[in-house]
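Novice: no letters, just coordinates:
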C-alpha cells in the first residue's frame, strides 16, 4: 500500500510540480528517481510489479499515448538486474547517480524509438518535435535526475533509512 501511495505522490509531483523545477531545458522525473530507489531496495519481482504500476499510472496522467511509459518502465528492472549482477558491487553516491542517469537516458531514448516506430507504422498520429533540443533534453534531464537521486541517497544514507537491495 505504501508503494502505491509513493507512486501516486511521485506521479502528481511529476505532472504538477516538475515543470516548474526545470533548469534550462532539463526537467526532473520523480517517477524515474523513485524507480531507482525501489530498484535498489526491492527484489526483482517486486520492482517489476512496481515498474508496471508506475508506468501505467504515469500513462494515465501524462498525456502520452497509453502504454508507452509502462513499456519503458518494464525495462528498468532488467537494467538494474544487469547492473547489480555484473557491474555495481556497492551502493554509493556514484552508483546511484549512474543508475539514475542510465534510467533517464533509457526512458527518453526508448520513448523516441516508440514514437518513431508508432509514426512509421501509423499507430499514432501525434509527434513531439524531436530535434537537437530533444537530444539536449535527454542529456541534461539525465544529469539532473542523477544529481537529485544522489542528493536523496545522501540524505537517506545519513539518516539510516536507505536499505540494501534484496535478491
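Specialist: Right, received. Where do you want to start? These numbers come from a predicted model, not from an experiment.
Novice: which SSE is immediately downstream of the helix or strand bottoming out on mean pLDDT in the chain?
Specialist: Counting by mean pLDDT, DSSP states H and E, the chain has its least confident helix or strand at helix 93-120, which shows a mean of 84. Going down the chain from helix 93-120, the next helix or strand is helix 132-159, by DSSP states H and E.
Novice: name the helices or strands packed onto that next one?
Specialist: Here helix 132-159 touches helix 30-41, helix 93-120, going by 3 or more CB pairs under 8 Å, 6 or more residues apart in numbering; DSSP states H and E. C-beta here means a position set from N, CA and C on the backbone, and glycine is covered the same way.
Novice: following element in sequence after the shortest one, please.
Specialist: The C-terminal neighbour of helix 30-41 among helices and strands, as given by DSSP H and E, is helix 44-62.
Novice: and the contacts of that next one?
Specialist: 3-4, 7-8, 10-12, 14-15, 31, 34-35, 38-39, 42, 64-74, 76-77, 80-81, 167 (CB atoms under 8 Å, 6 or more residues apart in numbering).
Novice: and the pLDDT at the residue nearest to the spatial centre of the chain?
Specialist: Among the residues of the chain, the one closest to the centroid is residue 32, at 2.0 Å (CA atoms, centre = their mean). On the pLDDT scale, residue 32 is placed at 90.
Novice: how much space between the closest residue to residue 101 other than its chain neighbours and residue 1?
Specialist: Leaving aside its chain neighbours, residue 101 sits nearest to residue 146 (4.1 Å; criterion: CB to CB, 6 or more residues apart in numbering). With distances taken as CB to CB, to the nearest Å, residue 146 is found 29 Å from residue 1.
Novice: rewinding a little: which strands and helices sit next to the least confident helix or strand of the chain?
Specialist: Judged by 3+ CB pairs under 8 Å, 6+ apart, helix 93-120 is in contact with helix 30-41, helix 68-73, helix 75-82, helix 132-159.
Novice: distance to residue 89 for the ones you listed - can I get that in a markdown table?
Specialist: Converted to a markdown table, these look like this (distance: least, CB to CB, whole Å):
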| stretch | distance to residue 89 |
| --- | --- |
| helix 30-41 | 13 |
| helix 68-73 | 25 |
| helix 75-82 | 14 |
| helix 132-159 | 16 |
